[in-house]
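Undergrad: no sequence for this one, just the structure:
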C-alpha cells in the first residue's frame, strides 16, 4: 500500500494548477483503496464568513447525482404527508418523529419540513442544528412543495456553506463515476459558488480550488479551465 501511495503522490505537482479534466483524471488514477471513495471539491474563498454579509452558501442539484443513497425525513401532515411519501421520502411524520428524535433516533441524512410544522421542528434545534440538519427556507428545505424538495435531494442536491477561514467542501460524486460525469458535477458546483459571491467581498474571491478523493492527495484546479 505504501508504494502505491508514493507512486500516486509522485504523479502530482503540488504547485501546478491542472485543467479540471486532467485533475479529475489523475484523482481517479490515484484511487488506491478498496472502497469507492468520495470525490470532493475544496474552495478557499476571499471572504470572512463571520460577517453575515460575507456568508457564502447555496445548493446545487448535481447533473449526475452524488452516487450516495440519501435518507430523507419530512415533517408534514395530511395531504403533504402523502405528497412526501409519493415523492420517495424515507420517513414522514410530525410530533411522532420529534419524539423519536428526542429519544436519540438519527437514522436520516436530510430533513425537509412544511412551514406550518416548523414550530414543532424548532424544538429539535439543539439536536439538528449542530449536525447541519435543521430545515432552512434559504436552502429550499422549508417549503410546501415537499414533493419537489424530496425529488431534488434524492436526485443529488448538495448544500454548501463557507466554514471558518472561508473554506467550502462539496462532494461531487464517487471515484467509480465516469470522468465526464465528475467534470460536469464539478463545473456545476464551481459555477454556483462563483454566482454566490457576496457583493461585499473585496479582492480575489476564489483563491484556490482543489479536488481530491477521500484518501488521495489534493490537486489544484485551474478555475479558468471551467469557464
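TA: Alright, I've got the coordinates. Everything quoted here is computed from the prediction, not taken from an experiment.
Undergrad: buried ones in the longest helix seen in the chain, by neighbour count?
TA: Longest among the helix segments of the chain by residue count, using DSSP state H, is helix 179-195. Within helix 179-195, the residues that qualify as buried are 181, 182, 183, 184, 185, 186, 187, 188, 189, 190, 192, 193, counting by 16 or more other Cβ atoms under 10 Å. In short, each C-beta sits where N, CA and C put it, glycine included.
Undergrad: quick one: contacts of it?
TA: Applying Cβ atoms under 8 Å, 6 or more residues apart in numbering, the external contacts of helix 179-195 come out as 20-21, 24-25, 27-28, 39, 41, 43, 45, 56, 58-60, 62-64, 158, 160, 168, 170, 172-173, 177, 205-206, 209, 211, 221, 223, 226.
Undergrad: which parts of this structure are strands?
TA: All strands of the chain, identified by DSSP state E, fall at 17-18, 38-45, 57-61, 72-75, 91-93, 110-113, 157-161, 167-174, 206-213, 219-221.
Undergrad: deepest in the core, which of those strands is it.
TA: strand 72-75 (a mean of 27; mean count of other Cβ atoms under 10 Å).
Undergrad: pLDDT-wise, which helix or strand of the chain ranks last?
TA: One helix or strand of the chain scores below all others by mean pLDDT, DSSP states H and E: helix 2-10, with a mean of 65.
Undergrad: how about low-confidence regions in the protein?
TA: 1-9, 226-227 (pLDDT under 70).
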